[in-house]
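[1] Structure for the following, please:
(2 chains)
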Amino acid sequence: MSLLVITIGLFSLGLYGILIRRDLVAILASIEVMLGSATLLLVGLAAAGTPMGTHEGAVEATGVMVIVLAAAEAAIGLALVISVARRFKTTRVDELAEVKG
Amino acid sequence: MSLESVIFAVLGIVAVSGGIVTVFARDVSRMAMGLGAFLVAVAGFFVYWGATFLGIVQLFVYIGGVLVLMIFAIMLVHRSPDGSPTIESRHDVAAIAVAGGLFFMVVTALRGVVPDSVDQGITSGPAELNEAFLGPMLTHFEMGGVLLLAVLVAVVVILGGDER
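    Okay, the predicted model is just below:
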C-alpha cells in the first residue's frame, strides 16, 4: 500500500506540475517525475512478487526500455524548447499561443 | 522498526521531497536539484529492491545524461541579467481536482492488486537481462536502437533548422 501511495502520489504530483507550470523546461521536469514514478511502480511490483511475463529478466529489460524512451523524450523535448526559445525569445506557454503550419 | 522499513521510508521521503521541489520551486536551479534528488532516490529504490543494474543505468542515463542535458537547456534558455531566473506557476482548484482525482481513482482501483509489502526482491541480474534482450525481447532492443538513432537525427534537424 505504501508503494502504491508513494508512486501514484508522485505521478499525480507530476501531473499537477504539468497543469500549473507556465515554463516549458519546468513542464518537461514534471513529465520526468511522472515517468520516474511509473518506472518505480513497475519495478516495485516485480520486487513484490507480482508475475511480470514469462522471462526472468523481463522486468529489468522493460525498465531499461522505459529509461531509454525517457532519455529520447527528454532529448527531443529539450531540443524543441531551445528551438522555441531561439525563435520566439520566450519559453512561457502563455505567450506561445500561436502555431503556424 | 526494521532496517528495511527505515531505508524504504528514507528513500520515499527523499523521492517525495525531490518531486515537490521539482514541481513547486520558483528557481530553475533548485528545480534541477530537486529533480536530481528524486532521480537519485528512484535509483536507490532500484538498488534496494535488488535491481542493481537498473539502478546503475538510472544513475548513468538519467542523472548523468538527462539531468545534465536539462541543466544545459536551462543555461541556454533562462538567461536573465538581473537576478536569478524564476518560473511562474498558476495554482488553481481545477488542477488540484484533476491530480487529486487521478490519485484517488488509481489508488482505489489498484489497492487490491499491489501487495502490501515489497519483500521478495528482484533476483535476476545482468545475465538474465542479456538473455532477455538477445532472446524474447530482441525486437524491443533493436527498436530502442532505431529510436535513439531517429532521435539523434531529429535533434540535429530541429536545432539545425533555425540556421537555414
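
[2] Lowest average confidence across helices and strands of the chain, where is it?
    No chain in the question, so chain A it is. Least confident helix or strand of chain A, by mean pLDDT, DSSP states H and E, is helix A:58-88 with a mean of 87.

[3] other chain: chain B
    For chain B, judged by mean pLDDT, DSSP H and E, that is helix B:126-133, with a mean of 80.

[4] just to revisit the earlier point, buried sites along the least confident helix or strand of chain A?
    Neighbour-count burial for helix A:58-88, with 16 or more other Cβ atoms under 10 Å in any protein chain shown as criterion, is recorded at A:58-75, A:77-85. For every residue, glycine as well, the C-beta is placed using N, CA and C.

[5] got it, and stretch A:2-17?
    Quick answer for stretch A:2-17 (16+ other Cβ under 10 Å): A:3-4, A:6-17.

[6] same check, this time on stretch B:37-54
    B:37-54.

[7] Restricting to C-alpha, output it in PDB.
    Provided in PDB are the C-alpha atoms of stretch B:37-54 (Å, rounded to 0.1, in the frame of the first residue of the first chain):
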ATOM      1  CA  ALA B  37      17.300  14.200  -5.700                       C
ATOM      2  CA  PHE B  38      14.100  12.500  -7.000                       C
ATOM      3  CA  LEU B  39      16.100  10.600  -9.600                       C
ATOM      4  CA  VAL B  40      18.800   9.500  -7.100                       C
ATOM      5  CA  ALA B  41      16.000   8.300  -4.700                       C
ATOM      6  CA  VAL B  42      14.500   6.200  -7.600                       C
ATOM      7  CA  ALA B  43      17.900   4.700  -8.300                       C
ATOM      8  CA  GLY B  44      18.200   4.000  -4.600                       C
ATOM      9  CA  PHE B  45      14.900   2.200  -4.700                       C
ATOM     10  CA  PHE B  46      16.100   0.000  -7.600                       C
ATOM     11  CA  VAL B  47      19.300  -1.000  -5.800                       C
ATOM     12  CA  TYR B  48      17.300  -1.600  -2.600                       C
ATOM     13  CA  TRP B  49      14.900  -3.900  -4.400                       C
ATOM     14  CA  GLY B  50      17.800  -5.900  -5.900                       C
ATOM     15  CA  ALA B  51      17.700  -4.400  -9.500                       C
ATOM     16  CA  THR B  52      21.300  -3.100  -9.100                       C
ATOM     17  CA  PHE B  53      21.900  -2.900 -12.900                       C
ATOM     18  CA  LEU B  54      18.800  -0.900 -13.400                       C
END
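
[8] distance of the residue of chain A found nearest chain B from B:Phe141?
    The minimum distance from chain A to chain B, using Cβ to the nearest Cβ, falls at A:Gly57 (3.2 Å). Counting by Cβ to Cβ, to the nearest Å, the separation of A:Gly57 from B:Phe141 is 12 Å.

[9] Also B:Gly125?
    As judged by Cβ to Cβ, B:Gly125 and B:Phe141 stand 17 Å apart.

[10] next one: B:Gly19
    Here B:Gly19 is placed at a distance of 30 Å from B:Phe141 (Cβ to Cβ).
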